[in-house]
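structure here, sequence nowhere to be found:
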């Protein structure tokens, strides 16, 4: 694996930003000390945060997962110029901070809009309730913060959009020598290749028939970024695969033929009948609907912003709705809400799976689990370890890494630990006929070190302890 130093990534990021947004001055700086793997990008007015993030996000090598308290690899690769040559590798960048400043001119325009809603005599030094400005919800807070919110959500996008649309307006096309009706196609569908992203297809819509075609061409849906991508096509070598994807889309009628290529004329619908493409609008959503992202993942919940505001603390907050359980609350309010049993179980299994993929346990074929009340560790396969970890996490256990092992705790009391299994498998223990003079049931004898049997032995210990205390009069 080749790694690209943070300073080279920062230089490449600034080059791309200057090329994408000419006339805008960007300040790109690397961090120092413990933040040396971070990059800070600052600019005034100009493009929106989303426009800049679209260029900066693919250059980040890892992100911080606050839920599991660890960095996760993004899988991104970047090509930079080092010493006059090209180097492609994983960027050593774990954070890219965006700092969008607002000029006084934009603030003044936002203040006019704010007073148009709250009145000319309104004071920006006091708190106000939430309101809507040109279709954008402005949360309740101090008036000065609301002015800044209007500047970012309303004024800046409007100012930036106008020159972009003017520059993108195409020149009038020459009249065709032989006018003909164009066959309906999937509008907005674009297939491209870059060294950073590889082969990607954007602009697909639910029900346009592109999902089975792209899946047949070995593309996969990127839930986070919202586009289709072809694995293994990053870098210059992947450019040759773009032609295969374009050919598949053209064969399915989702893209027009390239200039200079003659194709059979499409069938023209008789007068009074709608084209076949128009009829497809009423069809059921295709399989592509399941590939598209459904809400924001927040613990076991999949939430979506309703656009409504509600009082929260000193101001207001957006109301979100969980697509699984239907509950509504501010985003932070979902921390204390349970989702459906299926969603909770799936989330616990996903957390357990991620924990076993951590550097300490990654690549192991088997694991050794030691329970607090057991006298000997138990060897588990990958699937068994995932299910057992998921069960403990669902019961409220937290985790902590310590000396090459994963520890599960409940109220700071260790209930179990997990580590990689040794080279030789552990010898299975044979269940005794009786435990503390109590016959061992048959269902526990088959798995003496299993969780159910451990719970049964704990119950026997507790019952005997209670009997001794009762006999002594304590």
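Okay, I see it. Please read these numbers as outputs of a predicted model, since none were measured by experiment.

longest helix of this structure, counting residues only.
helix 451-472 (DSSP state H).

which stretches in the stretch 1-150 of the chain count as strands?
Using DSSP state E, counting those that start in this stretch, the strands of the stretch 1-150 of the chain run over residues 3-4, 27-30, 38-44, 62-65, 70-73, 78-82, 85-91, 95-101, 127-128, 131-133, 136-138, 141-142.

so where is the stretch 301-450 of the chain shaky, pLDDT-wise?
Regions of the stretch 301-450 of the chain meeting the criterion pLDDT under 70 cover residues 312-315, 359, 375, 403, 423-431, 448-449.

rerun at 80
Applying pLDDT under 80 to the stretch 301-450 of the chain picks out residues 307-317, 358-363, 373-375, 401-404, 422-437, 443-450.

need the helices for it, in chain order.
Assigned by DSSP state H, counting those that start in this stretch, the helices in the stretch 301-450 of the chain fall at 341-356, 382-394, 442-445.

so where do the strands sit in the stretch 151-300 of the chain?
For the stretch 151-300 of the chain, the strands defined by DSSP E, counting those that start in this stretch cover 190-194, 198-202, 220-222, 227-230, 296-298.

now the first one: average pLDDT?
Across strand 190-194, the average pLDDT comes to 86.

and the residue nearest to the spatial centre of the chain, its phi and psi?
Closest to where the C-alpha atoms of the chain average out (C-alpha atoms, centre = their mean) is residue 224, at 4.4 Å. According to degrees, to the nearest 10, the main-chain angles of residue 224 amount to phi -70, psi -40.

for it, give me the pLDDT.
As predicted, residue 224 sits at a pLDDT of 70.

from residue 76, how far out is it?
With distances defined as C-beta to C-beta, to the nearest Å, the gap from residue 224 to residue 76 amounts to 12 Å. All C-beta spots, glycine's among them, are computed from the backbone N, C-alpha and C.

quick check: which helices or strands does the strand ranked longest in the chain pack against?
Selection of the longest strand in the chain by residue count, based on DSSP state E, yields strand 301-312. Contact here means 3 or more C-beta pairs under 8 Å, 6 or more residues apart in numbering; DSSP states H and E; on that basis strand 301-312 packs against strand 296-298, strand 315-322.

buried residues in that strand?
Along strand 301-312, the positions that meet the burial threshold by neighbour count (16 or more other C-beta atoms under 10 Å) are 301-303, 309, 312.

quick check, nearest of those to residue 122?
Within those, distances to residue 122 taken as C-beta to C-beta reach their minimum at residue 309, with 18.6 Å.

quick check: bridge partners of that closest one?
Beta bridges link residue 309 to residue 318, judged by DSSP bridges.

who touches it in this structure?
Taking C-beta atoms under 8 Å, 6 or more residues apart in numbering as the contact definition, residue 309 lies against 130, 137, 139-140, 316-319.

which residues touch stretch 223-241?
By C-beta under 8 Å, 6+ apart, the list of residues contacting stretch 223-241 reads 77, 79, 88, 193, 195-202, 204, 210, 214, 217-222, 242, 245, 292-293.
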